[in-house]
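Student: dropping the sequence and predicted coords here.
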Amino acid sequence: MSRHPVIEDSVMLETDALRECIEEFKDRVAHGEHGMVIYGPPKQGVTTACRHICGGLESAGRALVLCAQALRSDDLPVRVQPDQLWRLMLPREAIQTGYVRSIRDVLLRHVEVEAERLHTKHVFVVIDQAENLSLRQWEDLKAFVDSIRIERRLSCFCLIAGQSELLAVADRMRRTLRHTLITEFLLGQHRFRGVRLEELEGVLSDYDSLRYPLPDGPSYTQHFCPGLWRRGLRLLQLVDPMRQRFAKILSASGTAAQELPIAYVASAVRRFLYSAEEASPQEMVILAQLMTRCVDKCGLQEALATLGNPEVDARASRRARRLEW
Amino acid sequence: MGIAGWNPAWYRDGESLISLALKVAYGNSTTVGAVLERLVGAATSNRLPTMFPDFATAERVCKTLELPAGVATTMFVAVGRPSLQIRERSCLALRWCPSCLFERYHAWDFHDWTHGTCLVHGDRLMDRCPRCNRHVDPLMLIGWHCPVCSHPFAPDLGSDWQRTLRRATSADRTSETMRRCSADIEIEQALNGLVVSCLQPLGRHESNMENWVYSHEAAAIRRQAWEQCSAVVDCLYGEHQACVSAELAAQHLEYQVTSFECPLGAAVAQTLAWLGCAHERCMGWPDSTFSGSNALPVLWHAVSGVPNWLSTLLVREATKEWLSDAIAQFSSVDTGAAPRIAWRPPKRLGMTWKCCERTALVEPGPTGRKLRANTAIGARACRVPGNAPTG
């Protein structure tokens, strides 16, 4: 089955959650804030939101963007741990051989050169999966940001993104008396929410209308189900069975979750579109049953049963630690 | 795809690739070698692409550095495969004008050994570190410092380094100015003919005549011989360039030569071994001296008694003569049996010259033609798999 470009990273569905996140980001930047934290449970779309924001900043070309996806330091060899974050932020075009100074200094020089080239004074440091950073890396990051602001006289906005574990990071910093790090990086939290049940209509409508390439390319639904599309099928018509099934799964999980991670919605839609054309049913009832089955198989049930509520876990562990103390 | 740590605004008219690479290296906190390897694929065993890249590479470099394609004419000595006459005039080791380098400027004109002084500042061109007295390998440069002793060739850039790199130089360095000022045209024409050169000092060059070339010291002679051998290998050896590094036995005099595969490779390795150094393909450099006896005094005596400005030409011609002789000797060995030969440099040189104060009459003899003919014979006798002639 060929892939519709909408699935690729180049194009993405703009959900309400994403719009809210971008609005808050713009608001913080416009008001001269120094940073923002975006967090959310797995599959909620935090990384995608991060990439979307970075892409927007880079395409505007009015600011220098340094992106990195942090890796767990215990997964790395000891000798590469200190420099790992800086290596990830270096652009692909950077010369990776023959270094005569530390990677951090190389990156700082790169910041100087690129800021001059772009005629900008604004630098955005974007760290995704920041829950993987060790305390030492947070401190290194603080020193790096200070160098940009004080020595290079550039404004630096830190966008920290990660999963709900980030909530526990602040607690860890507080216990080790790294209050400066909290004020520098972990204030201004924005919870990246999932799709609410009442928003499913908008999401399915987007799948029906999003075309690639613009403006005359096929829509996502049309690409996978051309026959059904000709007969007038639209995903929007199947919103009720989908919503009912998702609601049932959420209530059965016992986690008090009210939102759907976008990845599971996308998975259910993809499953449906991949098989609907081959089944080629004539009746809407059969299609609704197919959609229900696809929702069952999208993995949400299993994820909720296994993960529970990561946010509650992150906060609960903090309470547990307090009790222990 | 561009390159990080580089701003096209740092470019100045007439700058060489070395000069640009120094700036890119500074922007990336890396060595010039790493930059040149990325840009043109240069390595310590092959520095030629820094001066004479192919057309595609030159175009790619201009694109990578976001400079107009026309810049390639000054960024490189020439684009495409050079002739021996052009190649042998350009030195691989760094030559620079101290005043120009002070302004972070370097041009390939400085690498032409027939230029003794900077045509803008009138300063004597430097070819060795003033502190450690070693020849400077451009690929080893770390900033504007000597790669061996870290002696600064220019002051530190300081915190406002980008402005310093952007600032235009004080001197007018358009290529037209350089050419017009050059009285070296006289010597250039003479060398191109390689028959008789009548060197007449002209205008401002009269006072600098003694500075045109080098003193008679061993390091300078070795350097000129090394540069000449590199030029011959680059221009005449073709696919046999790789044979040079394969002739391990010929690179060391104390081993004698017990066997060799390619007469061309063995000849150049032996010639340079007798001069106390190794070829670039064997990671050699004019300063990389070997212990043991060598024939440097022979060459020294050959050029002694001539004015300084003539010695470079004579050393280079003598080197060609030695190389030609070595190729002929190695090629003449019967390749059927295990070839054994221990070549000795000829005691007498074929060329003649006559000096009269500031004028010289040089008759190099048929070295060039003989060298080409011997190279062709040597290439046919090569037994390296893949390079050996078929049929």
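Tutor: Sure, I can see it.
Student: what's the burial count for the residue of the stretch 151-300 of chain B found nearest chain A?
Tutor: At 5.2 Å from chain A, residue B:162 is the closest residue in the stretch 151-300 of chain B, using Cβ to the nearest Cβ. All C-beta spots, glycine's among them, are computed from the backbone N, C-alpha and C. When neighbours are counted by other Cβ atoms under 10 Å in any protein chain shown, residue B:162 registers 20.
Student: list the helices and strands the helix or strand harbouring residue A:269 packs on?
Tutor: Applying DSSP states H and E as the criterion places residue A:269 in helix A:262-279. Under the contact criterion of 3 or more Cβ pairs under 8 Å, 6 or more residues apart in numbering or on different chains; DSSP states H and E, helix A:262-279 touches helix A:200-209, helix A:220-224, helix A:226-230, helix A:284-296.
Student: report the buried residues of that helix.
Tutor: Residues of helix A:262-279 classed as buried: A:262-273, A:276 (neighbour count, 16 or more other Cβ atoms under 10 Å in any protein chain shown).
Student: would you turn those residues into a markdown table with pLDDT?
Tutor: Compiled in a markdown table, the buried residues of helix A:262-279 are given as follows (pLDDT from 0 to 100):
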| residue | pLDDT |
| --- | --- |
| A:262 | 90 |
| A:263 | 89 |
| A:264 | 92 |
| A:265 | 92 |
| A:266 | 89 |
| A:267 | 90 |
| A:268 | 92 |
| A:269 | 91 |
| A:270 | 87 |
| A:271 | 90 |
| A:272 | 91 |
| A:273 | 88 |
| A:276 | 86 |
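Student: between these, which is nearest residue A:94?
Tutor: Set against residue A:94, the nearest of the buried residues of helix A:262-279 by Cβ to Cβ is residue A:263 (32.3 Å).
Student: can I assume the closest one is in contact with residue A:41?
Tutor: No - look at residue A:263 against residue A:41 with Cβ atoms under 8 Å: they stay out of range, at 10.5 Å.
Student: distance of residue A:198 from chain B?
Tutor: 46 Å (Cβ to the nearest Cβ, to the nearest Å).
Student: what's in contact with the top strand by length along chain A?
Tutor: Secondary structure of chain A per DSSP state E: the longest strand is strand A:155-163. Strand A:155-163 is contacted from outside by A:25, A:28-29, A:33-42, A:46-47, A:49-50, A:53, A:121-132, A:141, A:145, A:148-149, A:166, A:169, A:184-186, A:310, using Cβ atoms under 8 Å, 6 or more residues apart in numbering or on different chains.
Student: sort out for me which of the residues you listed are in strands.
Tutor: Per DSSP E, the subset of the contacts of strand A:155-163 in strands is A:35-40, A:122-128.
Student: and for the residue in the stretch 1-150 of chain A that chain B sits nearest to, the neighbour number?
Tutor: The stretch 1-150 of chain A approaches chain B most closely through residue A:98 (2.9 Å), counting by Cβ to the nearest Cβ. By the criterion of other Cβ under 10 Å, residue A:98 has 18 neighbours.
Student: how about stretch B:376-388, which residues are buried there?
Tutor: B:378-379, B:381-382, B:384, B:387.
Student: let's have those residues in a markdown table, adding distance to chain A and pLDDT.
Tutor: As requested, the buried residues of stretch B:376-388 are arranged in a markdown table below (distance: Cβ to the nearest Cβ, whole Å; pLDDT from 0 to 100):
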| residue | distance to chain A | pLDDT |
| --- | --- | --- |
| B:378 | 37 | 88 |
| B:379 | 35 | 88 |
| B:381 | 39 | 83 |
| B:382 | 34 | 85 |
| B:384 | 31 | 77 |
| B:387 | 31 | 67 |
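Student: okay, residue B:351 and residue B:236: tell me how far apart.
Tutor: 19 Å (Cβ to Cβ, to the nearest Å).
Student: more crowded one of these two?
Tutor: Just comparing residue B:351 and residue B:236: by other Cβ under 10 Å the higher neighbour count belongs to residue B:236, 21 against 17.
Student: near chain A, which residues of the stretch 151-300 of chain B are found?
Tutor: Those residues of the stretch 151-300 of chain B that sit near chain A, judged by Cβ under 8 Å from any Cβ of the partner chain, are residue B:162.
Student: ok so, going back, once you drop chain neighbours, what's closest to the residue of the stretch 151-300 of chain B closest to chain A?
Tutor: residue A:116 (5.2 Å; Cβ to Cβ, 6 or more residues apart in numbering or on different chains).
Student: which element is the one you found on?
Tutor: Here residue A:116 is covered by helix A:103-117, with elements defined by DSSP H and E.
Student: pretty sure residue A:274 is touching residue A:224, no?
Tutor: Yes - taking contacts as Cβ under 8 Å, residue A:274 lies within contact range of residue A:224: 6.5 Å.
Student: wait, residue B:147 touches residue B:136, no?
Tutor: Yes - contact criterion Cβ under 8 Å: residue B:147 and residue B:136 qualify, at 6.7 Å.
Student: who's more crowded, those two?
Tutor: residue B:136 (24 against 21).
Student: now do the contacts for the closest residue to that one other than its chain neighbours.
Tutor: Counting by Cβ to Cβ, 6+ apart, residue B:136 lies nearest to residue B:94, which is 4.0 Å off, once chain neighbours are set aside. Contact partners of residue B:94, counting by Cβ under 8 Å, 6+ apart, are B:18, B:111, B:127, B:135-138, B:141.
Student: dump the residue contacts of residue A:140.
Tutor: A:82, A:85, A:104.
Student: now these in TSV, with pLDDT?
Tutor: Shown next, in TSV, are the contacts of residue A:140 (pLDDT from 0 to 100):
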residue	pLDDT
A:82	75
A:85	88
A:104	90
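Student: any of those residues buried? List them.
Tutor: Burial by neighbour count, judged by 16+ other Cβ under 10 Å, picks out A:82, A:85, A:104 from the contacts of residue A:140.
Student: thought the last one was touching residue A:144?
Tutor: Yep, that's residue A:104 we're talking about. Yes - under the criterion of Cβ under 8 Å, residue A:104 is in contact with residue A:144, at a separation of 6.3 Å.
Student: any residues in contact with both of these two?
Tutor: Residues touching both residue A:104 and residue A:144 by Cβ under 8 Å, 6+ apart: residue A:86.
Student: where does whichever residue of chain B sits closest to chain A land in three-state SS?
Tutor: Closest residue of chain B to chain A, Cβ to the nearest Cβ: residue B:34 (2.9 Å). The three-state assignment at residue B:34 reads helix, by DSSP: H, G, I helix; E, B strand; the rest coil.
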